[in-house]
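Colleague: One predicted model, sequence on top.
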Amino acid sequence: MTPSILKTQIAVFIRQEKAESLRDYLASLRNADFRLAGQILADRQLWEHLPEATANTMFWHFAAVLVAANNRAYLGTMLKAATATKSLMPTVEFATTCTTDIDKKKVLEALLPTQKTPSDVNAMLQMFGFDSAAATENILFKIGTPVCYFVLFNLLKQYEDRHDYLRRICIELIRKGDKYSFNLACIIKEYFGLAELPGTFSLSLQPYELSRLDANYDTFLSIIRK
């Protein structure tokens, strides 16, 4: 089957919002066509056939139906499509199809870097069952965007009396070596009154800035970007 014919047939199912029919159609394809279909599904233009008003919800309905049928074949493909189409806030329906910790981490690692607000980051973490402080801190640390670091900073307040743990976090941030990680290490050091850390920080914080750090995300953002 030629790529254009296959793309046209897949687009018909998407335009008609028939996720289950698309699932069954894909399952009937020969191996070569099935692999080609995966490449087509990741194409942003394919999903532009969805009505704008329902595009995000319907995209994740398609993703849920396909991933539930074959997560190994479709999860990575649909995550690529999500980042290309800006369908970036998954639905509970889709989240329930991600039953393993590995799949959940794949989703968060793909989509958390695209989130812009602390509320969206927290909503996504909760949606995928990351309610364990340690697991949440690990994924936020790994992503390392300013908004994820803001959520991480607020989580660390529960450890305000554990300077050994906070110091260890700072050292790991310094080892990451990027600007935001260095600045967050400095923020944590100054906010929690930690002892000196290895390395020299370019960020200098005034007392009034420390008192405003957790007031809102915009304030935090202006400081970590210095």
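Modeller: Alright, I've got the coordinates.
Colleague: Tell me how many other residues surround residue 184.
Modeller: For residue 184, the neighbour count with other C-beta atoms under 10 Å is 28. Just so you know, the C-beta spots here come from the backbone N, C-alpha and C atoms, and that holds for glycine as well.
Colleague: Could you measure from it over to residue 44?
Modeller: According to C-beta to C-beta, to the nearest Å, residue 184 and residue 44 sit 33 Å apart.
Colleague: try residue 160
Modeller: On the measure of C-beta to C-beta, residue 160 and residue 44 end up 45 Å apart.
Colleague: between these two, who's got more neighbours?
Modeller: Per other C-beta under 10 Å, whichever of residue 160 and residue 44 has more neighbours is residue 44, with 14 against 11.
Colleague: Can you give me every residue that contacts the more buried one?
Modeller: Contacts of residue 44 were listed using C-beta atoms under 8 Å, 6 or more residues apart in numbering, and they are 81, 84, 85.
Colleague: Just the buried ones from the residues you listed?
Modeller: Among the contacts of residue 44, those that count as buried by neighbour count (16 or more other C-beta atoms under 10 Å) are 81, 85.
Colleague: Dump the contacts of residue 44 to TSV, plus distance to residue 215 and secondary structure.
Modeller: Listed next are those as TSV, based on distance: C-beta to C-beta, whole Å; DSSP: H, G, I helix; E, B strand; the rest coil:
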residue	distance to residue 215	secondary structure
81	37	helix
84	35	helix
85	34	helix
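Colleague: So which of the contacts of residue 44 is the closest to residue 149?
Modeller: Proximity of those to residue 149, judged by C-beta to C-beta, is greatest for residue 84, which lies at 25.5 Å.
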